[in-house]
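Novice: Here you go, sequence then predicted model.
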Amino acid sequence: MSTTEQNTANCKTLDLKTLGLRKVNASLNTLTDSSEHFEIINPAGQHAIACGLQSPLDVQIKGHTGFYCAGMNQHANVTVHGHVGVGVAENMMSGSVHVKGNASQAAGATAHGGLLVVEGDASSRCGISMKGIDIVVGGSVGHMSAFMAQAGNLVICGDAGEALGDSIYEAQLFVQGKVDSLGTDCEAKTMLDEHLETLSILLKKAGIKADPKAFTRYGSARKLYNFHVDNAAYAANHHSGVTS
Amino acid sequence: MNNNTPHTTPRYSNTFDEYTLSEIRRAATTGVYDIRGGGAKRRVPHFDDLLFLGASMSRYPLEGYREHCGTDVVLGDRNASKPLQLKIPITIAGMSFGSLSGQAKEALGRGANAAGTSTTTGDGGMTPEERGHSEQLVYQYLPSRYGMNPDDLRKADAIEIVVGQGAKPGGGGMLLGQKISERVAGMRTLPEGIDQRSACRHPDWTGPDDLEIKILELREITHWEKPIFIKVGGARPYYDTALAIKAGADVVVVDGMQGGTAATQEVFIEHVGQPTLACIRPAVQALQDLDMHRKVQLVVSGGIRNGADVAKALAMGADAVSIGTAALVALGDNHPNYEQDYKALGTTAGAYDDWHEGQDPAGITTQDPTLAARLDPELAGRRLANYLNVMTLEAQTIARACGKSHVHNLEPDDLVALTVEAAAMAGVPLSGTSWVPGQ
């Protein structure tokens, strides 16, 4: 074992600075049913750290990361003790990613499942094209968040920027603070008991204390789902004297 | 004026021709732009405007029926540990399950396998049937990311990041409600029956610098095994190719405006993007300027129909070509056998392009189980294999006539152009002259 790979009390420490990205990811990217524990030190904002994980590992990243941290995650539970760059947990399928700091844009983009928690703020396009993931943001999100969001839940404990939920499909958005503007085809919805329950569970999972009743739910008005066709054939025929 | 006053004969306008008038009437009736499948139908400079010179006093031909003329191609050996090894330089372009029936996708796989080449998924993800019937399968990574998951990514033999498409550079996918069946909707996480209009931009990267990082992520997830293709529409082929190389592509796919689509606006298909012929020379120039020609492979698509087109694209510097529309025709699309059905749809065999409506009499561009059952995947696969073999034999015939022992040895010096436009686009002399317009 190299000096940069250390096992201590069932936790393996990987030093990204000395091992390099390929070796770190290769160490994590193994198929196992056991819940192994890893700690990555010296991430130094590098990109694609801990992406493509396939096993129920517990991974603690001690510092800031760059783009696509924990991208396409399956089963693993990844915690980032710092801020993350673009596309954290993008296309996640399952497991969880917990960011102690802030997230750059496109957090949780296109993700199908799992739980993404951002304790701080997330930037623009948070949850863009989300396909089933649950995202809980402790702070605020930027513009165009939940753009074309298809499924899943986006919980925003702070405020939302412009054009929230533009062209949204069946995802549900919960916002505690103010919304600068709603995007096309996104509207406020009635908060029913089932929604309060969903929200309550997500806040609890994220470890964030907030009153579900203080949130407003948003979703699709479903007016963009199909092309609008004005079949004016009769009118045209009528005015031109054409009969058929 | 009396009845004996001479009348001029009825005169139709060249500007307001019959098609234009019908489109104005259609638009006035529906309030929706015209949507169709296929690629540009207008006349544009194309491979027909080029000719090979063949052997002569200064060129020595190979025996047409005997001497070896290689056709194999390796795609993606710049960075990937497992590049695609193809027997022929003709691949099957990306077409989705959803836009095509399951039977059609199976037939494409069977035909490609028999010919020793690859097929490609489309917008909507990979089906187990598709993976099972394609020995070499390229997995498209599209802006919508419908059905994208890391398991399928690892099952793929190559990954094609789709930035653009020749039929609609700058546009996203489209699949109308008639084809959003329960299974298609489930794969795409969409409500059944909606008119799906996909994103045109990738959600988590915005330029070549970001794309370089995205490619790093994809390589890390797939252990640096899979070749990464970048597909661009025929917009700015020099800069698009250069930037794709910079971003780390192993293979660049350039799709001209004759390249087909499952569905998009007619106005987009006919008025945005450049002809395939106009795209090749700038793309090759970019590769050469960066010393990446034959290191990063160039695949050209959009209107490839026969072995002559293949040979001409290769002579201009491409490493391989890709076919979509022609492959569907080989399967049986627009076959005159279904003329009565085409007439019932208000069209005729050879002109049918309402692929988005899901009523394809040939059972190819449909999700209707009854129509889809019309296509026998084994027979259709054999037809495609035959067609690919003929194209390959034709390209070899031309290459041998030009004295080349491999189709990749064809070169621009083997070509002349029949028109000034084609000469300028292809960068080869106008026939009978030594004039290359623009040089």
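Specialist: Nice, I can see it.
Novice: before we move on, what SS does B:Q340 have?
Specialist: helix (DSSP: H, G, I helix; E, B strand; the rest coil).
Novice: got it, and the one 3 residues further on?
Specialist: Applying three-state DSSP to B:K343 yields a three-state assignment of helix.
Novice: If you count neighbours, what's buried in the biggest helix by length in chain A?
Specialist: Counting by DSSP state H, the longest helix found in chain A is helix A:193-206. Neighbour counts over helix A:193-206 (16 or more other Cβ atoms under 10 Å in any protein chain shown) mark A:195-196, A:198-199, A:202-203, A:206 as buried. Every C-beta, even on glycine, is put in place using the N, C-alpha and C of the backbone.
Novice: quick check, nearest of those residues to A:L14?
Specialist: A:L14 lies nearest to A:A206 out of the buried residues of helix A:193-206, by Cβ to Cβ, at 26.5 Å.
Novice: Which residue comes closest to that closest one once chain neighbours are left out?
Specialist: Closest residue in space to A:A206, ignoring its immediate chain neighbours: A:V136 at 3.8 Å, by Cβ to Cβ, 6 or more residues apart in numbering or on different chains.
Novice: Could you do A:K12 as well?
Specialist: Among residues not flanking A:K12 along the chain, A:F38 sits closest, at 5.2 Å (Cβ to Cβ, 6+ apart).
Novice: and that neighbour, what is it in contact with?
Specialist: Taking Cβ atoms under 8 Å, 6 or more residues apart in numbering or on different chains, we find A:F38 in contact with A:11-14, A:27-28, A:57-60.
Novice: Am I right that it falls within a strand?
Specialist: Yes. The assignment for A:F38 is a strand, going by three-state DSSP.
Novice: ok, stretch B:36-45 near chain A or not?
Specialist: No. Figure legend: stretch B:36-45 not in contact with chain A (Cβ under 8 Å from any Cβ of the partner chain); closest approach 13.9 Å.
Novice: Closest residue of chain A to chain B?
Specialist: A:G52 (3.2 Å; Cβ to the nearest Cβ).
Novice: close enough to count as contact, that residue and B:L216?
Specialist: No. A:G52 is beyond contact range of B:L216, at 11.6 Å (criterion: Cβ atoms under 8 Å).
Novice: Tell me which of the two has more neighbours.
Specialist: A:G52 (26 against 22; other Cβ atoms under 10 Å in any protein chain shown).
Novice: Pretty sure the more buried one sits in a helix.
Specialist: No. If the criterion is three-state DSSP, then A:G52 is coil and not within a helix.
Novice: Look up the closest residue to it, ignoring the ones flanking it.
Specialist: Using Cβ to Cβ, 6+ apart and skipping residues adjacent in sequence, the residue nearest A:G52 is B:I221, 3.2 Å away.
Novice: got the buried residues for stretch B:58-69?
Specialist: Result for stretch B:58-69 [16+ other Cβ under 10 Å]: buried residues B:62, B:69.
Novice: ok, residues contacting it?
Specialist: B:53-55, B:396-397, B:399-407.
Novice: Ends of that stretch, what's the gap?
Specialist: Taking Cα to Cα, to the nearest Å, stretch B:58-69 runs 20 Å from one end to the other.
Novice: Please apply the same query to stretch A:115-135.
Specialist: End-to-end distance for stretch A:115-135: 6 Å, by Cα to Cα.
Novice: Show me which residues of the stretch 51-200 of chain B are close to chain A?
Specialist: B:144-145, B:148-151, B:153, B:176-177, B:189-191, B:193-195, B:199.
Novice: Check those residues for burial and list the buried ones.
Specialist: Neighbour counting over those (16+ other Cβ under 10 Å) leaves B:144-145, B:148-150, B:153, B:176-177, B:189-191, B:193-195, B:199 as the buried ones.
Novice: for those, which one is nearest B:L84?
Specialist: The nearest member of these to B:L84, counting by Cβ to Cβ, is B:L153 at 15.6 Å.
Novice: what's near enough to touch that closest one?
Specialist: Here B:L153 is in contact with A:72, B:139, B:159, B:218, B:221-222, B:226 (Cβ under 8 Å, 6+ apart).
Novice: let's go with 6 Å and repeat that
Specialist: Each residue near B:L153 by Cβ atoms under 6 Å, 6 or more residues apart in numbering or on different chains is listed here: B:T222.
Novice: From A:C51, how far out is it?
Specialist: 11 Å (Cβ to Cβ, to the nearest Å).
Novice: residues contacting the most centrally placed residue in chain A?
Specialist: What sits nearest the mean C-alpha location of chain A, by Cα atoms, centre = their mean, is A:G108, with 2.5 Å. Shown in contact with A:G108 (Cβ under 6 Å, 6+ apart): A:89, A:116, A:127, A:130, A:133, A:135.
Novice: Against chain A, how distant is B:E411?
Specialist: In this view, B:E411 and chain A are 39 Å apart by Cβ to the nearest Cβ, to the nearest Å.
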